[in-house]
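1. Structure for this input, please:
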Amino acid sequence: MYCLQINLTPTAAMTFRILPGSILNIATYPFVPPTTLSGYLRRVAMLSAGLDIPETTINKDNPPFYTLPRNLISLGAYPVCNTYHGVHRTYRKGMRSFNHDVFSRLYIEKDKANFQLHTWEYLIAEKLIGYVVSESKSDLEKFQQIKGMGCKLGKEGFAIVDAISPPIELKRDTISAIPSTIVPMEALLQTNEFFNGCDIYNLYRYQWSSNESNKDSFSNDPSAIDGFIPFVGGYYPPQSNSVATVEYYTDGEINIPTSLVNLIQGKVDV
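-> Prediction:
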C-alpha cells in the first residue's frame, strides 16, 4: 500500500458539522472527515488541471458528487501535534426555521427577520496533515501538481496545500501505536481495546455505485456515488499520546488502521 502525506495550511476557521445534530448547536469535528478531504482534493485537482470548480446546489435537485475515485482512499486530515489547534465556540444569529431550501440566505417572512441565537463551533488549526492511500503508486504521483493550490474546505474554511510527499510505501503489521487517523470502533471492539484517550464520533463514508467509470481525479466527470453510510470511529487527539493495538499500514511513523481502509473502500460493512 502507498500513502500520500499532504500538509495543509488553513487560512480561516473551519466548521465540519457533526450530523445528526441540533439546529441550535452547530458542532464541528476536531478534524477533517475522510469524505470532506476527498471532495476538497478533487476540487483542488480540477483547479490544477485548469477546470472550473463545479457549482453546488440544493439536495432536492439531486446534485452530482465530485470526489476522489474509489481506488484513491481519502482518510481525513488531522491537526499537527505541537502546533496550535482547538475548537472555538461562539454565538451567532441564524434562522429560526430551516425549512427553506436556498443556500446562504436568511429566511425573512413578510420583511420581519425570523432570527434566533445559535452556538457555533469552529475548528482553528495552524497545520493539518491529510492522508490518501492507494495500491496504485502512479495514480498518487499525479497529485504532486496540486502543491500550492487552495480551495474552500468545510462549511466556512479555506486551506492551501503547502507540501505533499512522494508515495510512501507502507507495510501491514499489528502493533501498539498512536493512530495517524480515526479508527473504526468495530476494530477496537474486536481486539478488546479500551477507549482511554479516544473520543467517539458518528461519521459517514460513501456508498459507491456499482457502475463507477470515472477514475480520473483531474477531469470534470462526476463521481459514481449513491449516498452515505454511517459508521462510528474513534479519534485519538494529538495530545493524548494514547495507543491502539490493531493492524496498521505503517512505515514506523505513519500508522493507518487497515480496518479504516477496508471500511471506506466498502469491503466491509460496520
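
2. what phi and what psi does the backbone show at residue 38?
-> phi -60, psi -50 (degrees, to the nearest 10).

3. That one reaches residue 70, doesn't it?
-> No - assessed by CB atoms under 8 Å, residue 38 is found out of contact with residue 70, at 10.1 Å. In short, each C-beta sits where N, CA and C put it, glycine included.

4. Neighbour count: these two, which is higher?
-> Neighbour comparison, residue 38 and residue 70: the larger count goes to residue 38, with 29 against 19 (by other CB atoms under 10 Å).

5. Can you name the residues bridging to the residue nearest to that one when sequence neighbours are not counted?
-> Leaving aside its chain neighbours, residue 38 sits nearest to residue 74 (3.7 Å; criterion: CB to CB, 6 or more residues apart in numbering). Note on residue 74: beta-bridge partners residue 132, judged by DSSP bridges.

6. quick one: residue 74 and residue 264 touch, right?
-> Yes - using CB under 8 Å, residue 74 is in contact with residue 264, at 7.4 Å.

7. which residues in this structure form helices?
-> For the chain, applying DSSP state H gives helices covering 34-48, 137-141, 185-190, 258-265.

8. Out of these, which is closest to residue 158?
-> helix 34-48 (10.0 Å; CB to CB).

9. which residues touch the most centrally placed residue in the chain?
-> Most central in the chain under CA atoms, centre = their mean is residue 33, positioned 2.5 Å from the mean C-alpha point. If you count contacts by CB atoms under 8 Å, 6 or more residues apart in numbering, residue 33 has them with 16, 76, 203-204.

10. can you check residue 12 too?
-> Residues in contact with residue 12 (CB under 8 Å, 6+ apart) are 156-158.

11. filter those residues to the buried ones?
-> Buried members of these, scored by 16 or more other CB atoms under 10 Å, are 157-158.

12. So which of the helices of the chain is nearest residue 237?
-> The closest of the helices of the chain to residue 237 is helix 185-190. By CB to CB, the value is 15.6 Å.

13. Give me the distance between the residue lying closest to residue 83 once chain neighbours are set aside and residue 9.
-> Nearest in space to residue 83, with sequence neighbours left out and distances taken as CB to CB, 6+ apart, is residue 126 at 4.1 Å. The span separating residue 126 from residue 9 equals 8 Å under the rule CB to CB, to the nearest Å.

14. which of those two has more neighbours?
-> Taking other CB under 10 Å, residue 126 and residue 9 do not tie; residue 9 has more neighbours (15 against 12).

15. Redo the helices of the chain as JSON lines? Include distance to residue 5 and mean pLDDT.
-> Below are those laid out as JSON lines (distance: least, CB to CB, whole Å; pLDDT from 0 to 100):
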{"stretch": "helix 34-48", "distance to residue 5": "12", "mean pLDDT": "96"}
{"stretch": "helix 137-141", "distance to residue 5": "11", "mean pLDDT": "94"}
{"stretch": "helix 185-190", "distance to residue 5": "22", "mean pLDDT": "87"}
{"stretch": "helix 258-265", "distance to residue 5": "15", "mean pLDDT": "94"}
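
16. can you count the residues close to the nearest residue to residue 41 once chain neighbours are set aside?
-> Leaving out its chain neighbours, the residue that sits closest to residue 41 by CB to CB, 6+ apart is residue 68, at 5.8 Å. Counted by other CB under 10 Å, the residues lying close to residue 68 total 25.

17. Repeat that for residue 39.
-> Residue 39, neighbours per other CB under 10 Å, totals 20.

18. mind listing the strands for the stretch 51-200 of the chain?
-> 73-79, 85-95, 108-109, 112-113, 115-125, 128-134, 150-153, 157-164, 168-169, 171-177, 183-184, 199-208 (DSSP state E, counting those that start in this stretch).

19. what pLDDT, on average, does the second one get?
-> Per-residue confidence for strand 85-95 averages out to 84 on the pLDDT scale.
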